[in-house]
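Enquirer: Any chance you can model this:
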Amino acid sequence: MATTAFERVQMARHPDRPYALDIIASLFTDFVEIHGDRRYADDPAMIAGFARLDGVEVCVIGQQKGRDINDRRHRNFAMSKPEGYRKALRMMKLAEKFGRPVITIIDTPGAYPGIDAEERGQAEAIAFNLREMAGLKVPVVVVVLGEGGSGGALAIGIGDKVLMLENAVYSVITPEGCAAILWKSAERAPDAAEGLRLTAANLKEFDIIDEIIPEADPWTMPENGDKKSQKAYDRVCDSLKKSLVREIKGLSAIETTKLLDNRYKKFRKMGEWV
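Expert: Here you go, the predicted model:
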């Protein structure tokens, strides 16, 4: 069991940890994936489509890491380019049009920092998502599944409720990046992780997230019929599904104007100190 912040960072990055497509396959039915942003291209790092959650039609958006080296390269290690964020927003607007709740799954070290992404408006795409998500007239529930890194995560992270897995992390920068800036050495990453306050417990204390989903130890993808691993996986998925169903049901009962007002107040109060 992880005890330090950096140990949780390492667990969040574990290559056998379930990814967005694993969660979609386990929790949802009738998933139909949508491709392309209708402006430039499709981005395999961002998964988007419609599905059913316990019989309720929803829009699901998630950042997908790869299982092997070829898949990781194809998914660009879950680092989306502008077309990925625009595809996500396209899906959100469709969900709003048809009155379907939106569920997003965060799992990325950050947005892709390449020159080609910058040339196509990476910062603008992220900023536009932040603005538009704040005003979506349907319930939005966010799940921080593994790594939640910087603006790349926040671009699909504006929601009425934010759920976070126990060993996930959510931060403005990686511990290694923070250590390189402050101490000119990535070896101080464990110290940076403690200072960043990036664990689920830290973020719940600051009201950045709303609920922590407990994890079995270890919670990894079951392999070769491992019953213990399968049981742990099923337990976490069941807990996450129950929370999602409860939140969607509760948020759907709130009048739209009140829903938007609550969402605005939720994010405006972040960073206030009494």
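Enquirer: For the stretch 1-150 of the chain, just list every one of the strands.
Expert: Here the stretch 1-150 of the chain has its strands, by DSSP state E, counting those that start in this stretch, at 29-33, 46-53, 56-63, 102-108, 140-149.
Enquirer: Just the mean pLDDT for whatever helix or strand comes next after the last one, thanks.
Expert: Okay, so that is strand 140-149. Downstream of strand 140-149, the next assigned helix or strand under DSSP states H and E is helix 150-154. Average pLDDT, helix 150-154: 94.
Enquirer: still on that earlier bit, out of the strands of the stretch 1-150 of the chain, which is closest to residue 207?
Expert: Residue 207 lies closest to strand 140-149 among the strands of the stretch 1-150 of the chain, at 14.1 Å (Cβ to Cβ). For the C-beta atoms, the positions are set from N, CA and C on the backbone; glycine is no exception.
Enquirer: and that closest one, which residues are buried?
Expert: Neighbour counts over strand 140-149 (16 or more other Cβ atoms under 10 Å) mark 140-149 as buried.
Enquirer: The chain: helices as residue ranges?
Expert: Applying DSSP state H to the chain gives helices spanning 5-12, 20-27, 69-74, 82-98, 115-119, 122-134, 150-154, 175-183, 189-196, 200-205, 227-252, 256-268.
Enquirer: need these in TSV with distance to residue 52 and mean neighbour count, can you?
Expert: Formatted as TSV, the helices of the chain follow (distance: least, Cβ to Cβ, whole Å; neighbours: other Cβ atoms under 10 Å):
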stretch	distance to residue 52	mean neighbour count
helix 5-12	28	21
helix 20-27	10	19
helix 69-74	26	12
helix 82-98	13	22
helix 115-119	33	13
helix 122-134	22	17
helix 150-154	26	22
helix 175-183	38	17
helix 189-196	37	20
helix 200-205	28	17
helix 227-252	11	16
helix 256-268	22	13
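Enquirer: Distance to residue 51 for those helices - can I get that in TSV?
Expert: Converted to TSV, the helices of the chain look like this (distance: least, Cβ to Cβ, whole Å):
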stretch	distance to residue 51
helix 5-12	25
helix 20-27	7
helix 69-74	21
helix 82-98	11
helix 115-119	28
helix 122-134	19
helix 150-154	21
helix 175-183	34
helix 189-196	33
helix 200-205	25
helix 227-252	11
helix 256-268	22
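Enquirer: I'm done for today, thanks for sticking with me.
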